[in-house]
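**Student:** coordinates for the following, if possible.
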Amino acid sequence: MKKFVLIFGPQAVGKMTVGHELEKITQLKLFHNHMTIEPLFAIFGDAEETWRLSGVFRRQIFEAAAKSNVDGLIFTYVWAFDLQSDWDWVENVCKIFEAEGSEIYFVELEADLQERLERNKTPHRLEHKPTKRNIEWSEAHLKETLEQYRLNSYDGEITRKNYLTQLSQAKTGRYALI
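**Tutor:** Numbers count the residues shown, from 1 in each chain. Here you go, the predicted structure:
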């Protein structure tokens, strides 16, 4: 059965890194969020057109992947839990895959601010995300979004069957995702 894995959490928490590792041990393809952001940012900068087109491209890629012969897709996302539009977006993406019979998996990552500021400068992150190479801007943006939004869920807030957090892994001592 095809799978859609949504890895979410704040910036620099390790979503892409976990996605790359998951891609190595499964037949799933990683489509991290910056794969649409970076080329558009290079053309339009931090402009409305970047975010509009990124949304269009992502939706088209999700629809194509859901109908394709790939085993599944891993996607990374910074989910603002206090924005209904983010909840709606996640639900709509899940519906694309569910309509084609895919299983949905949620993986939530969390780390404190100091750890994320360190991870923000790692070579792996900077290699794949050119917009993060301006460390001063990237750190300021990371801190600003932390103040503006709630980027991790509350206990019990996510009710999907296939939901894994670091806390649930620590309690069970296993990852039973795939």
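
**Student:** wait, residue 152 touches residue 10, no?
**Tutor:** Yes: in terms of C-beta atoms under 8 Å, residue 152 counts as a neighbour of residue 10; the distance is 6.9 Å. Quick note: C-beta positions are derived from backbone N, CA and C, even for glycine.

**Student:** of these two, give the one with the bigger neighbour count.
**Tutor:** Regarding residue 152 and residue 10, a neighbour count based on other C-beta atoms under 10 Å identifies residue 10 as having more, with 23 against 16.

**Student:** now do the contacts for that one.
**Tutor:** Contacts for residue 10 were tallied using C-beta atoms under 8 Å, 6 or more residues apart in numbering; they are 78, 110, 111, 116, 142, 145, 146, 151, 152.

**Student:** let's see 10 Å
**Tutor:** Contacts were defined as C-beta atoms under 10 Å, 6 or more residues apart in numbering; by that measure residue 10 touches 78-80, 109-113, 116, 142, 145-146, 149-152.

**Student:** coming back round to it: give the residues shared as contacts by residue 152 and residue 10.
**Tutor:** Common neighbours of residue 152 and residue 10 are listed as 79, 109, 110, 111 (criterion: C-beta under 10 Å, 6+ apart).

**Student:** how about the secondary structure of the third one?
**Tutor:** For residue 110, the reduced secondary structure class is coil; criterion used: DSSP: H, G, I helix; E, B strand; the rest coil.

**Student:** any idea how far residue 76 is from it?
**Tutor:** Computed as C-beta to C-beta, to the nearest Å, the residue 110 to residue 76 distance reads 14 Å.

**Student:** pick out whichever of the two has more residues nearby.
**Tutor:** residue 76 (24 against 16).

**Student:** that's a helix at the more buried one, yeah?
**Tutor:** No: going by three-state DSSP, the assignment for residue 76 is strand, not a helix.

**Student:** isn't it up against residue 18?
**Tutor:** Yes: Residue 76 lies in contact with residue 18 (C-beta atoms under 10 Å); the separation is 8.3 Å.

**Student:** kind regards, and thank you for your time.
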